[in-house]
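# Sequence below, structure please.
(one chain, ligands or ions: 1)
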Amino acid sequence: MVTIKVAINGFGTIGKRVADAIDAQKDMEIVGVTKTGPSFGCGLAVKKGFPLYCTFDDNEKISSFANSDYDCKGGLTDLLSIADVVIDCAPGKMGADNLQKYKSAGIKYMFQGGEKHSLTGLSYTSSANHSENFNAQGTRVVSCNTTGLSRTLVPLFDYCGSLKVECTMIRRAADPGDSDKGPINAIQPVLKVPSHHGPDVMTVKPEIEINSLAVAVPTTLMHVHSIIADLPEGHGLTTEKIIQMWKDTPRVIVMNGKDDRIPTTAEVMEMARDIGRKWGDLHEIFVWEDGVKLVNNRLYYFQAIHQESDVIPENVDCVRALMGTEKDWKLSVAKTDLAISEYYGI
Ligand code: NAD
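Model (predicted):
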């Protein structure tokens, strides 16, 4: 089996998680990760045995590692020269600069949801458009919110053939590791309406008609989506059938808020910690069974998104799509998830 050589540019919230998930796979290896300079995050790379490179090529920045405990192997260009594909996990909106570097290196590239679709002209979620990304040179794994919407809406669309959706994203204000974001005692509506989250689904599944609003709330745990979807006449579905459909969908967890005593995102995150993935991550989208109701053609439901981790396994599947090594998205998802489970012994 050929092993795909993967570089991670940006080893922060998303980058360190993607690196672990890639490291778990038998058909991939991490050839290096980048940090902008010596910091506590380098310690994790060293502990994991990931070769450490500098995010930049200039000697001054590379030599900033010299007086630290961290052995820096070189600059970004050195790393790109030994990789088949680079996963850009830099903060959002840095993509345009980095894209030029990836093109110069002549390797495949993946961005995250902080970049616009127009950067690559192609976006990705496993269930929506794996085959469109097959053998592509570069793409963007959509954001945590778009990934979450795609997980539950795509199977519904595939069953019904059309779907009109209005949804509200109730967003966490900051990730747990961020100290410079808010609000901390307010609810902040996103006044650019509709918000970009819903329409972003159409970059991977253009047939779904969708709009969204968003508000930021003072929590670090998860996003919650409040969703109303209009199904076409003659859809043949019931509330129970829809719940079963999601129970049968990879990377969706359906539980009963009342009976399972899991009424809020706090309990959902506690359950995620019990599962045993690193950082207490929850790769799955969580749907409250008792919050799902179909009234005539109109479906109401809530779902919760662990913003730091639902996109992680998608990045792994996306590598297989770009490298042209697994055409069937369901087989890739199964391979990815099994390898991650074995990696963490769960
Ligand atoms: P982060 O700030 O936690 O990590 C970014 C890392 O990139 C840091 O280590 C930073 O030092 C490094 N970096 C800085 N400049 C860089 C450059 N020019 N090139 C490469 N790396 C550079 O950010 P994050 O939360 O991991 O977000 C990364 C991407 O993932 C963004 O596009 C973001 O929108 C997206 N995303 C984030 C979340 C989330 O909840 N955090 C969820 C889904 C998608």
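# now the helix or strand where residue 342 lies: how far from the chain's centre is it?
When elements are assigned from DSSP states H and E, residue 342 belongs to helix 329-344. The chain centroid and the centroid of helix 329-344 are separated by 15 Å under C-alpha atoms, centre = their mean, to the nearest Å.
# next one: stretch 142-161
13 Å.
# what do you get for stretch 151-162?
20 Å.
# contact partners of that stretch?
125, 127-128, 163, 165, 201, 205, 207-210, 227, 229, 231-232, 235, 237, 242, 245-246, 249, 251-252, 285, 287, 299, 301, 303, 310 (C-beta atoms under 8 Å, 6 or more residues apart in numbering). Every C-beta, even on glycine, is put in place using the N, C-alpha and C of the backbone.
# What average pLDDT does that stretch get?
What stretch 151-162 shows for mean pLDDT is 98.
# which parts of the stretch 201-346 of the chain sit against the ligand?
Residues of the stretch 201-346 of the chain lying near the ligand by C-beta under 6 Å from any ligand atom: 307-308, 311.
# Now the protein against the ligand: closest residue?
Per C-beta to the nearest ligand atom, residue 12 is where the chain lies closest to the ligand, at 1.9 Å.
# And for that residue, nearest residue in space, chain neighbours not counted?
residue 89 (6.4 Å; C-beta to C-beta, 6 or more residues apart in numbering).
# for that neighbour, what are its contacts?
Listed by C-beta under 8 Å, 6+ apart, the contact set of residue 89 reads 8-12, 14-15, 18, 112.
# so residue 110 is in which element?
Using DSSP H and E, residue 110 falls in strand 108-111.
# Whatever helix or strand comes next after that strand: how far from the chain's middle?
Downstream of strand 108-111, the next assigned helix or strand under DSSP H and E is helix 117-120. Taking C-alpha atoms, centre = their mean, one finds the center of helix 117-120 at 17 Å from the center of the full chain.
# buried residues in stretch 93-111?
Across stretch 93-111, burial judged by 16 or more other C-beta atoms under 10 Å covers 94-95, 98-99, 101-102, 105, 107-111.
# Likewise for stretch 161-181?
163, 165-174.
# Equivalent analysis for stretch 212-221, please.
For stretch 212-221, by 16+ other C-beta under 10 Å, it's 212-214, 216, 219, 221.
# what do you get for stretch 26-42?
Using 16+ other C-beta under 10 Å as the test for burial, stretch 26-42 gives 27-28, 30-35, 38, 41-42.
# what do you get for stretch 47-54?
50-54.
# average pLDDT for that stretch?
97.
# Any idea how far apart the tips of it sit?
17 Å (C-alpha to C-alpha, to the nearest Å).
# From the chain's centroid, how far away is that stretch?
22 Å.
# Then stretch 1-20?
In terms of C-alpha atoms, centre = their mean, the centre of stretch 1-20 is found 13 Å from the chain centre.
# mean confidence score for that stretch?
Over the span of stretch 1-20, the pLDDT mean works out to 96.
# Same check on stretch 197-216?
Stretch 197-216 carries an average pLDDT of 97.
# Kindly report the same for stretch 323-330.
98.
# can you list the residues that contact that stretch?
Under C-beta under 8 Å, 6+ apart, the answer for stretch 323-330 is 2, 4, 27, 84-85, 108, 126-127, 130-131, 134-135, 250, 317, 320-321, 332, 335.
# Provide a list of residues in contact with the residue nearest to the spatial centre of the chain.
Geometric centre of the chain, nearest residue: residue 311, 1.4 Å, by C-alpha atoms, centre = their mean. Neighbouring residues of residue 311 by C-beta under 8 Å, 6+ apart: 14, 112-113, 141-144, 147.
# most surrounded residue in these?
Counting neighbours by other C-beta atoms under 10 Å, residue 141 leads the contacts of residue 311 with 31 neighbours.
# Which residue is the nearest non-sequential neighbour of residue 267?
residue 261 (6.9 Å).
# What is the neighbour count of the one you found?
Neighbour tally, residue 261, other C-beta under 10 Å: 9.
# if I read this right, it contacts residue 268, doesn't it?
No: the pair residue 261 / residue 268 is not scored as a contact, 11.3 Å apart, by C-beta atoms under 8 Å.
# Tell me who's in contact with the residue lying closest to residue 309 once chain neighbours are set aside.
Once flanking residues are discounted, residue 309 sits nearest to residue 281: 3.6 Å by C-beta to C-beta, 6+ apart. Shown in contact with residue 281 (C-beta under 8 Å, 6+ apart): 17, 272, 306, 308-309, 312.
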